[in-house]
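K.L.:
how would this look folded up:
(4 chains)
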2 protein chains.
Amino acid sequence: MRKMATALEVGTASLYGYVGSKDEIYDLMVDWVEGEDGPPPPPSGDWRSDLTALAHRIRGSILRHPWMAGVAAGRPNFGPNSLAWVEYGLTALDDLELTIDEMLVASEILQAFVRGFAIRELAEQQALQRAGLDDQEWGRVLGPYMDSIEKSGRYPRFIRVVREAHVPHAADRQEVIFTTGLDYILDSLSPRASR
Amino acid sequence: MRKMATALEVGTASLYGYVGSKDEIYDLMVDWVEGEDGPPPPPSGDWRSDLTALAHRIRGSILRHPWMAGVAAGRPNFGPNSLAWVEYGLTALDDLELTIDEMLVASEILQAFVRGFAIRELAEQQALQRAGLDDQEWGRVLGPYMDSIEKSGRYPRFIRVVREAHVPHAADRQEVIFTTGLDYILDSLSPRASR
DNA sequence: TCCCTTCTCCGAACACCGTTCGGAGTACGT
DNA sequence: ACGTACTCCGAACGGTGTTCGGAGAAGGGA
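P.N.:
Take a look at the predicted model:
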């Protein structure tokens, strides 16, 4: 609040003439971010690509604005921009001929996955940043600890993942995992259309 | 930190002789919570029910310990209890004959969904609590605003969800949505076993 | 036994936070 | 020119995690 007041060249206490609390500002900020990419485009007619784009957009918003993770996860935001994007998602789901309840559930599930994924992604980035390390150094720091875990003999599958998996070392690993998970969920949505 | 020191009947500053920072304590707390339910049971042989139980367990941990949401989402925890449960999940996935990379991806996706879902669930609970309202009162408070949104004519699908969906009013709605989402993801995992 | 060193413990302070209160100063109506 | 009303915001409140240095106990040597 103090920084914001300084930036606006007013006293800190003056802010409270315009908003009730910091949380209220966050609510406004969230809706502002939702409007950042402009209004939703008209539906393309391909529900799957529309929902994919929507998911990537939400993920992008969280990654661009780290404070979103701790705030947007809160009580649903009913600002105009947020509503516009919810409407966009529901419109895409329309083509699947789900019941209204199924649409709601599908929308919640999609959001839960995207949010959960982006939060982890962000946290990983920040952990590296905090330690001031890049990926490789991080591996080197963890190495000896992993060796000791391996020697313990418990957790053999975990060690296999650490030693043998390619995904963790790929530059686009987050992209791969996100896209795969998204496809899992979308795959499960489509057969329900032809019931 | 002050409260913890008081509870332990030591001075606040003394805590820093045992831990480096509050975050370090959180790391220890997370692993403690992971051990709360005792060690993982032996795999049942039914990967699907094992993974379902695992997901419910993670969700339960977050709901029981609200601070988990803001902490456990952070850098992966490599404490013994956390590792034991990761190993449990990977063991269940073993039956699907996935590649090691596919197993890792599946595990990440499951975690992302569970985390994202539990965080939203928690935030909703806390928003109601903060306002000191129950579900019904909340609906009454929001009512007039919803009416104005309806009159605006935009967001027709959103309004349909608000007016016609049954799920939001069901007592077990969180359970329903969570289970459905989980099934979507698990459904997508199984066909990959018979490749 | 006495003194000096070493180490543990922690009170007090630091820099920060969101929020509240009441007084200073301006603007306006009479 | 005066009195009222209103805006603005400095200063303070109670809170946070963390640091520093001094008080006091413990241990060792003479």
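K.L.:
report the contact partners of A:Phe113.
P.N.:
By CB atoms under 8 Å, 6 or more residues apart in numbering or on different chains, A:Phe113 lies in contact with A:55, A:181-182, A:185, B:109, B:112-113, B:116, B:181. Placement of C-beta: from N, CA and C, glycine included.
K.L.:
I meant to write A:Glu150 there.
P.N.:
A:159, A:163.
K.L.:
tell me which helix or strand it sits in.
P.N.:
helix A:135-152 (DSSP states H and E).
K.L.:
same question for A:Asn81.
P.N.:
Assigned by DSSP H and E, A:Asn81 falls in helix A:80-94.
K.L.:
what packs against that helix?
P.N.:
Here helix A:80-94 touches helix A:22-34, helix A:47-64, helix A:100-131, helix B:156-164, going by 3 or more CB pairs under 8 Å, 6 or more residues apart in numbering or on different chains; DSSP states H and E.
K.L.:
quick one, which of these is packed in tightest?
P.N.:
helix A:100-131 (a mean of 20; mean count of other CB atoms under 10 Å in any protein chain shown).
K.L.:
could you give the angle of that helix to helix B:156-164?
P.N.:
Calculated by axes from the mean of the first three to the mean of the last three CA atoms, to 10 degrees, helix A:100-131 forms an angle of 110 degrees with helix B:156-164.
K.L.:
and helix A:100-131, does that touch DNA strand D?
P.N.:
No: if you take CB under 7 Å from any atom of the strand as the test, helix A:100-131 misses DNA strand D, and the best it gets is 11.4 Å.
K.L.:
and the lowest-mean-pLDDT helix or strand in chain A, is it in reach of DNA strand C?
P.N.:
Lowest on mean pLDDT, DSSP states H and E among the helices and strands of chain A sits helix A:67-71, with a mean of 81. No: residues of helix A:67-71 are not located near DNA strand C by CB under 7 Å from any atom of the strand, the shortest gap being 10.5 Å.
K.L.:
chain center to that helix: distance?
P.N.:
Relative to the chain's own centre, helix A:67-71 is displaced by 10 Å; criterion: CA atoms, centre = their mean, to the nearest Å.
K.L.:
helices or strands up against that helix?
P.N.:
helix A:22-34, helix A:47-64, helix A:100-131.
K.L.:
which among those is found nearest to DNA strand C?
P.N.:
helix A:22-34 (3.4 Å; CB to the nearest atom of the strand).
K.L.:
distance of the residue of chain A positioned farthest from its centre from DNA strand D?
P.N.:
In terms of distance from the mean C-alpha position of chain A, A:Lys151 ranks first, at 36.3 Å (CA atoms, centre = their mean). Distance from A:Lys151 to DNA strand D, counting by CB to the nearest atom of the strand, to the nearest Å: 32 Å.
K.L.:
what pLDDT does that residue get?
P.N.:
On the pLDDT scale, A:Lys151 is placed at 93.
K.L.:
next: A:Ala127.
P.N.:
Confidence for A:Ala127, expressed as pLDDT, is 77.
K.L.:
then A:Phe117?
P.N.:
94.
K.L.:
dump the residue contacts of it.
P.N.:
By CB under 8 Å, 6+ apart, the neighbours of A:Phe117 are A:59, A:177-178, A:181, B:108-109, B:112, B:116.
K.L.:
residues contacting the residue in chain A positioned nearest to chain B?
P.N.:
At 2.6 Å from chain B, A:Gly116 is the closest residue in chain A, using CB to the nearest CB. Applying CB under 8 Å, 6+ apart to A:Gly116 gives the contacts B:73, B:111-117, B:119.
K.L.:
quick one on the thing from earlier: which of the contacts of A:Phe113 lies closest to A:Lys22?
P.N.:
B:Gly116 (24.1 Å; CB to CB).
K.L.:
now do the contacts for A:Arg48.
P.N.:
A:Arg48 touches A:186, A:190, counting by CB under 8 Å, 6+ apart.
K.L.:
tell me the spacing between it and B:Glu36.
P.N.:
A:Arg48 sits at a distance of 40 Å from B:Glu36 (criterion: CB to CB, to the nearest Å).
K.L.:
and for A:Gly70?
P.N.:
In terms of CB to CB, A:Gly70 sits 24 Å off from B:Glu36.
K.L.:
looking at these two, which one has more neighbours?
P.N.:
A:Gly70 (16 against 12; other CB atoms under 10 Å in any protein chain shown).
K.L.:
quick check: closest non-adjacent residue to the more buried one.
P.N.:
Leaving aside its chain neighbours, A:Gly70 sits nearest to B:Gly70 (6.7 Å; criterion: CB to CB, 6 or more residues apart in numbering or on different chains).
K.L.:
what residues does chain A have near DNA strand C?
P.N.:
A:1-3, A:12-13, A:16, A:21-23.
K.L.:
mind redoing it with 10 Å?
P.N.:
Within chain A, the residues that sit near DNA strand C (CB under 10 Å from any atom of the strand) are A:1-6, A:11-17, A:19-26.
K.L.:
hmm, the helix or strand containing A:Ala5 touching DNA strand D?
P.N.:
For A:Ala5, the host element (DSSP H and E) is helix A:2-8. Yes: Helix A:2-8 is in contact with DNA strand D by CB under 10 Å from any atom of the strand, via A:2, A:5-6, A:8.
K.L.:
no further queries at this time; thank you.
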